[in-house]
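Q: Give me the fold of what follows.
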Amino acid sequence: MKVSLARQLKDLEKENQRLRKAVSDYTLDALILKEVVEGTSIIRAIQRLLDHSKTEGTVR
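A: Numbering: from 1, shown residues only. Now for the predicted structure:
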């Protein structure tokens, strides 16, 4: 029983990591699109977001 619970916990942790990355990716995409819609050039928008990500430690 304990082995199956440990395996289940490991699977859930792996799924959690995958979902966190997906949310992070979609959040970054949404921020880039927001910058572009607001009139910022696509290159400048990506540069600003990457600079911000580096300081926050969230570069993907």
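
Q: Show the average pLDDT along stretch 4-12.
A: Over the span of stretch 4-12, the pLDDT mean works out to 94.

Q: what residues does it touch?
A: Outside stretch 4-12, no residue is within contact range by Cβ atoms under 8 Å, 6 or more residues apart in numbering. C-betas here are computed from N, CA, C, even on glycine.

Q: Might you list the low-confidence residue ranges for this structure?
A: Along the chain, segments meeting pLDDT under 70 span 1, 56-60.

Q: Now do the buried residues in the helix or strand hosting Ala6.
A: Element membership of Ala6 [criterion: DSSP states H and E] is helix 2-37. By 16 or more other Cβ atoms under 10 Å, the buried positions in helix 2-37 come out as 28, 31-32, 35.

Q: so what secondary structure elements neighbour the helix or strand following it?
A: Next along the chain after helix 2-37, taking DSSP H and E as the criterion, comes helix 42-56. Helices and strands touching helix 42-56, by 3 or more Cβ pairs under 8 Å, 6 or more residues apart in numbering; DSSP states H and E, are helix 2-37.

Q: Taking helix 42-56 as reference, get the angle to the helix it packs on.
A: Angle, helix 2-37 to helix 42-56, by axes from the mean of the first three to the mean of the last three Cα atoms, to 10 degrees: 140 degrees.

Q: center of this protein - which residue?
A: For the chain, the residue nearest the mean C-alpha position is Ser24 (1.5 Å; Cα atoms, centre = their mean).

Q: related to what we said a few turns ago, how far out from the middle of the chain is the helix holding Ala6?
A: 7 Å (Cα atoms, centre = their mean, to the nearest Å).
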